[in-house]
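Undergrad: Just a sequence and a predicted model for now, questions to come.
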Amino acid sequence: MPYYIYKITSGPTNLVKSLEKLETFGSFKEARNRARDMRASMGQDENYTIKVMFANSELEAEENLMEKREAPILREWEK
């Protein structure tokens, strides 16, 4: 399965996101290094996120990125 790099821009609400597929890689190491380079070259005033997603297809990757996740439960010792 390939690794996709996406540029995620927030919309007017938390439920609305704009996804733009930037690149596709066959190995995690390549995708991770490229995403790190992209994040390092971002300016302070730029308002987007770079994410690496592992999925069977572009559609599955975009569905996973768009799904609403609940905040993790913090244990007492993690606070």
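TA: Alright, I've got the coordinates.
Undergrad: So residue 30 lies in a helix, does it not?
TA: Yes - the assignment for residue 30 by DSSP: H, G, I helix; E, B strand; the rest coil puts it in a helix.
Undergrad: Chain neighbours aside, what residue packs nearest to it?
TA: Spatial nearest neighbour of residue 30, excluding adjacent residues (C-beta to C-beta, 6 or more residues apart in numbering): residue 3 at 7.7 Å. C-beta coordinates here come from the backbone N, C-alpha and C atoms, glycine included.
Undergrad: The one you found and residue 63, how far apart?
TA: 16 Å (C-beta to C-beta, to the nearest Å).
Undergrad: Looking at the two, which one has more neighbours?
TA: Using other C-beta atoms under 10 Å, the more surrounded residue of residue 3 and residue 63 is residue 3, with 21 against 12.
Undergrad: Any idea what that one is bridged to?
TA: On the basis of DSSP bridges, residue 3 is bridged to residue 25, residue 54.
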